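> let's see this in three dimensions:
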Amino acid sequence: MEFKIKQSVLKEELGFIQGVVERKTTIPVLSNILIESIGENEIRIVGTDLDVTIRCDAVAEIITPGSICVQARKLFDIARALEPGDAHFKKEDNEWVTMKAGRANFRLAGVNREQFPEIPNFKSTPLKLSADTFNYMIRNTAFAITNEQSRFTLSGAKFIIGDGSAKMVTTDGHRLAYVERAIDDKEAVMDTLIPKKALLELVKISRGEGEVSFGEDPNHIYFEVEGRLLITRKLSGNFPNYEMVMPKDNDKSAVFDLEEMRNAVRRMSLIADERNRSIRLTIREGEIEVIAQSTEEGDGSEVVQADYTGEEIQLGFNWQYLIEFLNNVGAGELAGSESAAADGSSSDGTGSAAGTATAKESRTRIAFDFKDANAQTQMSIAGENTYDYKYIVMPLRI
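Residues are numbered from 1 along each chain as shown. Next up is the predicted model:
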């Protein structure tokens with residue numbers, strides 16, 4: 001095989017595939033990618049970990065058709081370091097690959113094409129959702145997926161389409177994230193479990209632009225975005241009955257500024273007990289006091305203004321469950337009065353408020369709905385929103 005490809009194109013497509021390539025694996029070939037010609041002016045790049053596969057098609061000048069299989073991370077590092085221009089690849093007789101770009105020359109070890117695993121046959125993708133909708137749903141729920149590998153059915157998201165709506169639900173057994181949005185396609189039907197890794201890679205390859213086409217067969221789900229295909233195995237098993245967890249009789253509500261609460265929780269987490277990660281919210285008329293205490297290191301408190309009338313009540317939470325919600329809530333949606341939902345919502349919670357008066361007027365407000373100190377607390381964005389988004393957390397005993 002011999003071909004030429006633009007450095008910018010090579011770097012971009014290899015970047016999409018890195019997330020599924022196994023760096024430490026008992027199957028060495030999985031640290032490689034497959035590059036093969038699929039016409040006179042196109043190559044196909046494939047990476048897989050056997051559970052999730054990404055396939056990208058890219059424009060290239062094919063001199064001699066064929067295929068090569070080379071180490072994925074090394075090629076990506078080289079592609080990023082190259083100067084703009086053409087990269088020229090040629091496969092040698094012993095599976096080695098020579099690469100020339102500008103004045104740089106490389107010789108890369110390859111493996112035989114036959115060692116690379118076969119990917120599932122591509123099925124149709126008859127259903128469509130905007131990439132923006134997918135990204136919003138994933139970013140606002142993925143953080144609540146369990147990291148315990150033994151809890152197999154909870155290691156992904158339940159994705160449901162039907163009756164004119166799309167829903168995504170995740171849980172780790174202590175908290176639950178739920179998001180729903182009305183869609184135009186009233187006939188579409190799907191009910192499946194998508195692994196967390198596939199969800200995160202879908203966000204990367206779609207970049208919130210255009211439409212995502214998708215479909216399924218008994219074992220796999222297929223997502224197609226602008227010439228890129230993501231294939232993932234379905235999770236098996238029964239997802240918990242999430243509707244039973246939704247609180248029905250929360251009669252108290254406190255509304256506050258997202259950024260003020262996020263910063264207060266972040267600061268108090270620094271002094272919280274490292275073992276149970278507990279903080280206490282004392283909710284009283286007009287304010288919420290965030291309190292943390294460690295028997296070994298000290299204590300701290302901070303007051304956040306809130307719209308609340310009623311008797312004083314104390315709620316205990318794992319601060320990590322709170323900060324992950326406050327960091328991600330509204331991510332991906334910038335519309336109307338909720339345009340600040342993503343302002344400052346960096347992964348470490350250190351974002352700052354917008355400086356203009358307009359931005360301040362549109363800062364996101366969060367609602368905590370609760371019954372008492374022992375029942376589930378439901379958290380959501382206050383006011384009218386495009387998405388029906390709920391985050392339910394079981395409180396800690398304090």
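> so what's K4 bridging to?
For K4, the beta-bridge partners are E61, H88 (DSSP bridges).
> how about Y389, what does it touch?
Shown in contact with Y389 (Cβ atoms under 8 Å, 6 or more residues apart in numbering): 140, 177-180, 329-330, 380-381. Placement of C-beta: from N, CA and C, glycine included.
> again, 6 Å this time
By Cβ atoms under 6 Å, 6 or more residues apart in numbering, the contact set of Y389 is 140, 179, 380.
> nearest residue to it in space, ignoring adjacent ones along the chain?
Counting by Cβ to Cβ, 6 or more residues apart in numbering, Y389 lies nearest to V179, which is 4.7 Å off, once chain neighbours are set aside.
> make sure the one you found is indeed in a strand.
Yes - with DSSP: H, G, I helix; E, B strand; the rest coil as the criterion, V179 is part of a strand.
> and it, what's its pLDDT?
What the model reports as pLDDT for V179 is 97.
> tell me who's in contact with it.
Applying Cβ under 6 Å, 6+ apart, we find V179 in contact with 137, 140-141, 168, 387, 389.
> mind putting those residues into TSV with secondary structure?
Output for those, formatted as TSV (three-state DSSP):
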residue	secondary structure
M137	helix
N140	coil
T141	coil
M168	strand
Y387	coil
Y389	strand
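> so I323 versus L315, what's the distance?
15 Å (Cβ to Cβ, to the nearest Å).
> can you point me to the longest strand in the protein?
strand 298-307 (DSSP state E).
> mind saving the C-alpha coords of the next helix or strand after it as CSV?
Using DSSP states H and E, the helix or strand that follows strand 298-307 towards the C-terminus is strand 313-318. Provided in CSV are the C-alpha atoms of strand 313-318 (Å, rounded to 0.1, in the frame of the first residue of the first chain):
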residue,chain,number,x,y,z
ILE,A,313,-34.1,21.8,57.8
GLN,A,314,-30.7,20.1,57.5
LEU,A,315,-29.7,17.8,54.6
GLY,A,316,-26.6,15.8,54.5
PHE,A,317,-24.8,14.9,51.2
ASN,A,318,-21.7,13.4,49.8
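> work out the gap between strand 313-318 and the centre of the chain.
28 Å (Cα atoms, centre = their mean, to the nearest Å).
> which helix or strand lies directly C-terminal to it?
Following strand 313-318 in sequence order, the next helix or strand is helix 319-328 (DSSP H and E).
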